[in-house]
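Enquirer: Dropping a prediction and its sequence here:
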Amino acid sequence: MIHNNLFTSNFKKIGKRIGGIIAVIVILNLVISGLNLLYVNHSVTEWSRFLWHNFYEEEENIDYLYLGSSHVYCDLKPSLLNEINGENNFNLSSSSQRLNGTYYCLREADKEHEIKHVYIELYYQLQTGENGIFLANGARIANWRNTDFMRNSGNRLEYIIATCSSEYYVDAFLPFVRYRECLFDVDYVRSQLEYKQTEDYKNYIFYNQYGDASVEEFQDGGYCYSTTTLSQSKLNDAYYIQGGLSENPLTEEAEEWLRKIIMYCKENDIEVTLFSSPMYELEVLASGNYDNYVDQIQTIAAEYEVDYYDFNLCKEAYLPLRGLENHRDIHHLNDKGATIFTEFFWKVMQGTKEENEIYFYDSWEEKLRETDGRIYGLLQIETDSEEGICYEVASNWNSGMEYRILLTPQDGETVMLQDFSENRIFEVAKDEHGICTVVARKTGETEQVQTLEIEY
Amino acid sequence: MLFNSMEFFIFFPITVLIFYILPKKVRYVWLLIASYYFYMQWNPVYILLLFTCTVVTYFGGIFIEKQKNKMAGGKEEEAGASSIKKKQTACLVIVLFICLGILGYYKYADFIVSNVNRILSLLSIGTIQWEHSILLPAGISFFTLQALGYLIDVYRGEIYAEKNFLHYALFLSFFPQLVAGPIERSKNLLVQLHKPQAFSWDNFRKGILLMLWGLFLKMVIADRAAIIVNTVYEDSTYYGGLFIVVATLLFAIQIYCDFYGYSIIAKGAALIMGIHLMDNFQAPYLARNVKEFWRRWHISLSGWFRDYLYIPLGGNRKGWLRKQLNLLLVFGVSGLWHGASVAFIVWGGLNGAYQVLGDIYTSWKKKLRTWRKAQDDSFGRVWLQRIITFGLVCFAWIFFRAGDMSDAIIIVKNMCHFNWWILFDGSLYILGVSKEYFHVLLCAILLLFAVDLKKYKGVDVEEGFLRQEWWFRTLGYVALVMIILVFGCYGVEYDTQQFIYFQF
């Protein structure tokens, strides 16, 4: 065998060899692109595809950037903010975006634009408990929603490496690999090809109409325009945290990345504000002890002299979002709610911390205490029971309210579980579904305060 | 760090790049650092075992050689020479004792204590309290044998003792072959470590090809076959008869592709750095008898046992009966080397017994052949011999895979109830691998079979591929990469399987 030294071989030979390596890379790239086209299911990540396309197509400088989970793209209207503050506002938020993802999205935006101010949304469910473990399955997939559509760069590479463990690198870099179970599924491949041939797909149009009136649409600036209205029957939340949030509920990872984000902004002269979007109260009640979360974020924010506003603590008089007509579901606002919230959001952002104090309660506990007795829906409680699902009537008062609970199973007769008692917990069979009617009144009074009919 | 892990795909290019950037004189130091880092990825503390083995055998070698030099200087009287020889032998015995003692403690302590306790409890005497849970250090069986092979060679005067400690440390820890061989001889590897090569394009592309082929064997064949094998063997009372036969055949393929895959990746990785490792496999399943199988399977281990155990025991020089006893002993020890379990000893013993019976049959066959005047290499005869050999080897693999004697006996018993329909009614597709992937597996095995057939005939398949037109080679590389990416077992769906031989 002749041993040729790469560095001493003649130019022609070296050129041929480099050409060979390039040919391998080019062909590999073509084959991989083909497989991505055939197998990657973009219908489940279409929001991110449109978002990143919109982001890279943005010609104007983005002045104000909003990052976080779906709460951001549902609750804040960039077009309205543009009108109010006269600057260019953009939501670079994605579904279940964790703080590690937020960090890299911020860097990506900072690379392309001169960001003046960044607003970081902090949805408690994504930063605490199992969801706050950023190398877990859910967080990894949430990050792939961004990395799949980001342009190749050092930032993207770092994003992938930092947010998934090495055994998933291939899946992260080559999305088709995740769909290998469909390798021989001709129908699947056909459906993907058909979907990718549609004009909506090619032109990055996201428009869904449900029934007669309900519409969801991707709008410029990363806004999800939605006319869907939360129905009373859907006031059933399965995300109840057993035992409530702990004293410092942020996971170590979440705290670390939050600090990293703040430090990045400080080092790059970007103003930063932290906030939590307003949710339907049922969602906040599911936390068990929301104040622990608020306190911890406030402590971290104070450490860096950064403002944190939790709009769940807002007084109703200033932010009238209580009605179901303002909500898309228990997590998000619809366009009507978003319009109200966006205007108020900007008003708060213009004021100082002291000036804004008037709009907020000091704590979630105080808000519950100060509000009249109400019921918000049903919370599913974890139990050891294998046959039944345990529910708790979600109310702002722990005592002083009594409830009548009636169950109407599908194809069955209405059964009364209790007739005005302070007990709020009841169990139904796992395979039983129907309507649960909860009637609430103040203890000792005869006048009924509220009635809800909820699917179970 | 597994060869099929992302860590290795990052570690290896960086190591190679720095290796070639550094001046030739210091490259071995870099390789030593990289090798120790590679080993420490499993369990950093166990690097001390490798280091101890290195220090003990290094100084053992130096001491033996010094004594040899004294003798060669002619300064000693005959009585003195005998005393020097005794010192050399004593040194060899002490080093053997230390190295085998470490190996014995980490590998066999549990096995020995549990068997002693079994005997003691049968005799109604109190048992030994043993609550240590010992984690087997990766590759300990491999580097111990490599170190002992070196020391024995020095003792026999076949090589000079290595003076440079770092060179010697690298010889024992060279990362491509550190944890699962091939068990290299100092005559081959140590010499090459002294003479670093310039970057060679030919070595590079052949090395890449070998690594890709090894990954194909491991990820596309071995790990896919493992799914079926594990399903059947973990519930062998449920899956009887033909399921066990199919699983055993697939295990034979799995262990071959797993170990051959590792060896070929090791060979490719070393070649990229200009180091030629020995071939560890030569189409073993095409062997026509068990003796030939062992000349083609795990060649470095078979060679080690031949040179350092079989021949010192007398080999075939002390009569027919002694030869057969030696064979049985060597294969028994080989079984024990693979694992601390009676099942492994039975596996080794079976392979030894096959060879004893083979020897008897050969002498009888010679007479028969003269009488029948049959051709020794007719097509039908060759393939019949291959099928019988493969069947015998597969039967022995049952004990190897079961790992436990009682399980192995149950499996052999359950194997006897045949239901041929499972081959046709889709039952094979419910063992964890879908119909389509099962067919992919069969195609991959056919490809391996074709390559092995060429190899058996002495064709250098890799060289043949590299001699092809550039466009053919380009497509070949791309095809291998894509086949691994598409059909390999890794990532979200699968746990990365460890190489089987890491546990030895």
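Expert: Sure, I can see it. Numbers count the residues shown, from 1 in each chain, chains lettered A, B, ... in the order given.
Enquirer: give me the number of residues near residue 180?
Expert: No chain was given, so I picked chain A. By the criterion of other Cβ atoms under 10 Å in any protein chain shown, A:R180 has 22 neighbours. C-beta here means a position set from N, CA and C on the backbone, and glycine is covered the same way.
Enquirer: I was thinking of chain B, sorry if that wasn't clear
Expert: 25.
Enquirer: quick one: it and chain A, what's the gap?
Expert: For B:A180, the distance to chain A (Cβ to the nearest Cβ, to the nearest Å) stands at 20 Å.
Enquirer: now that residue: how far from B:I221?
Expert: To B:I221, B:A180 is 17 Å away according to Cβ to Cβ, to the nearest Å.
Enquirer: is any part of the longest helix along chain A close to chain B?
Expert: Using DSSP state H to define each element, chain A has its longest helix at helix A:11-39. Yes: for helix A:11-39 and chain B, the contact criterion (Cβ under 8 Å from any Cβ of the partner chain) is met by A:16-17, A:20, A:23-24, A:27-28, A:31, A:35.
Enquirer: Name only those of these that count as buried.
Expert: A:17, A:20, A:23-24, A:27-28, A:31, A:35 (16 or more other Cβ atoms under 10 Å in any protein chain shown).
Enquirer: Quick check: which element contains residue 101?
Expert: Chain wasn't specified; assuming chain A. A:G101 belongs to helix A:99-112 when assigned by DSSP states H and E.
Enquirer: you looked at the wrong chain, it should be chain B
Expert: helix B:78-122.
Enquirer: Quick one: list the elements packing against that helix.
Expert: Contact here means 3 or more Cβ pairs under 8 Å, 6 or more residues apart in numbering or on different chains; DSSP states H and E; on that basis helix B:78-122 packs against helix B:47-72, helix B:140-156.
Enquirer: for chain B, which residue is closest to the average position?
Expert: B:H298 (4.7 Å; Cα atoms, centre = their mean).
Enquirer: on that earlier part again, which is the next helix or strand following the longest helix of chain A?
Expert: Defined by DSSP H and E, the subsequent element after helix A:11-39 is helix A:46-57.
Enquirer: Quick one: work out the angle between that following helix and helix A:99-112.
Expert: 30 degrees (axes from the mean of the first three to the mean of the last three Cα atoms, to 10 degrees).
Enquirer: mind saving the C-alpha coords of the following helix or strand past helix A:46-57 as CSV?
Expert: Next helix or strand after helix A:46-57 toward the C-terminus (DSSP H and E): strand A:64-67. The C-alpha coordinates for strand A:64-67 follow below in CSV (Å, rounded to 0.1, in the frame of the first residue of the first chain):
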residue,chain,number,x,y,z
TYR,A,64,-39.5,44.6,21.5
LEU,A,65,-39.3,40.8,21.8
TYR,A,66,-41.7,38.6,23.7
LEU,A,67,-40.6,35.1,24.6
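Enquirer: Tell me the pLDDT of the closest residue to A:E281 other than its chain neighbours.
Expert: What sits nearest to A:E281 in space, not counting adjacent residues and going by Cβ to Cβ, 6 or more residues apart in numbering or on different chains, is A:Y376, at 4.7 Å. As predicted, A:Y376 sits at a pLDDT of 90.
Enquirer: can I assume A:Y376 is in contact with A:M279?
Expert: No: with contact defined as Cβ atoms under 8 Å, A:Y376 does not count as touching A:M279 (10.7 Å).
Enquirer: residues touching the residue nearest to the centre of chain B, list them.
Expert: By Cβ atoms under 8 Å, 6 or more residues apart in numbering or on different chains, the contact list for B:H298 reads B:181, B:259, B:280-281.
Enquirer: any idea how far it is from B:Q254?
Expert: When B:H298 is compared with B:Q254 (using Cβ to Cβ), they lie 15 Å apart.
Enquirer: what residue ranges in the stretch 401-504 of chain B score low on pLDDT?
Expert: Counting by pLDDT under 70, the stretch 401-504 of chain B has low-confidence residues at B:492-504.
Enquirer: How about it: which residue is closest to chain A?
Expert: Going by Cβ to the nearest Cβ, chain A is nearest to B:E436 of the stretch 401-504 of chain B, at 4.1 Å.
Enquirer: all strands for the stretch 151-300 of chain A, in order.
Expert: With DSSP state E, counting those that start in this stretch as the criterion, the stretch 151-300 of chain A has strands at A:207-210, A:214-219, A:223-226, A:236-237, A:271-276.
Enquirer: what's the closest of the ones you listed to A:G129?
Expert: Shortest distance between A:G129 and the strands of the stretch 151-300 of chain A, using Cβ to Cβ, is found for strand A:236-237: 14.9 Å.
Enquirer: Quick one: mean pLDDT for the closest one?
Expert: For strand A:236-237, the per-residue pLDDT averages 80.
Enquirer: Read off the pLDDT value for the closest residue to chain A within the stretch 1-150 of chain B.
Expert: Closest to chain A within the stretch 1-150 of chain B is B:M6: 3.7 Å, counting by Cβ to the nearest Cβ. pLDDT, B:M6: 83.
Enquirer: Please determine how far it is located from A:Y210.
Expert: The value you get for B:M6 to A:Y210, if Cβ to Cβ is used, is 42 Å.
Enquirer: One more: B:V45?
Expert: 60 Å.
Enquirer: Equivalent analysis for B:S427, please.
Expert: 45 Å.
Enquirer: same check, this time on A:L245
Expert: Applying Cβ to Cβ to A:L245 and A:Y210 gives a distance of 34 Å.
Enquirer: Those two - which one has more neighbours?
Expert: Ranked by neighbour count (other Cβ under 10 Å), A:L245 and A:Y210 place A:L245 first, with 20 against 11.
Enquirer: ok, now which ones touch the more buried one?
Expert: Going by Cβ under 8 Å, 6+ apart, the list of residues near A:L245 reads A:124, A:128, A:287-290, A:292-293.
Enquirer: quick one: which of these is nearest to chain B?
Expert: For the contacts of A:L245, the nearest to chain B is A:T128 (25.1 Å; Cβ to the nearest Cβ).
Enquirer: Wait, the closest one touches A:E252, no?
Expert: No: assessed by Cβ under 8 Å, A:T128 is found out of contact with A:E252, at 11.3 Å.
Enquirer: quick one: the helices in the stretch 301-450 of chain B?
Expert: Assigned helices in the stretch 301-450 of chain B, in chain order: B:320-338, B:342-372, B:379-402, B:405-414, B:435-456 (criterion: DSSP state H, counting those that start in this stretch).
Enquirer: what residues does the stretch 301-450 of chain B put near chain A?
Expert: Counting by Cβ under 8 Å from any Cβ, the stretch 301-450 of chain B sits next to chain A at B:434, B:436.
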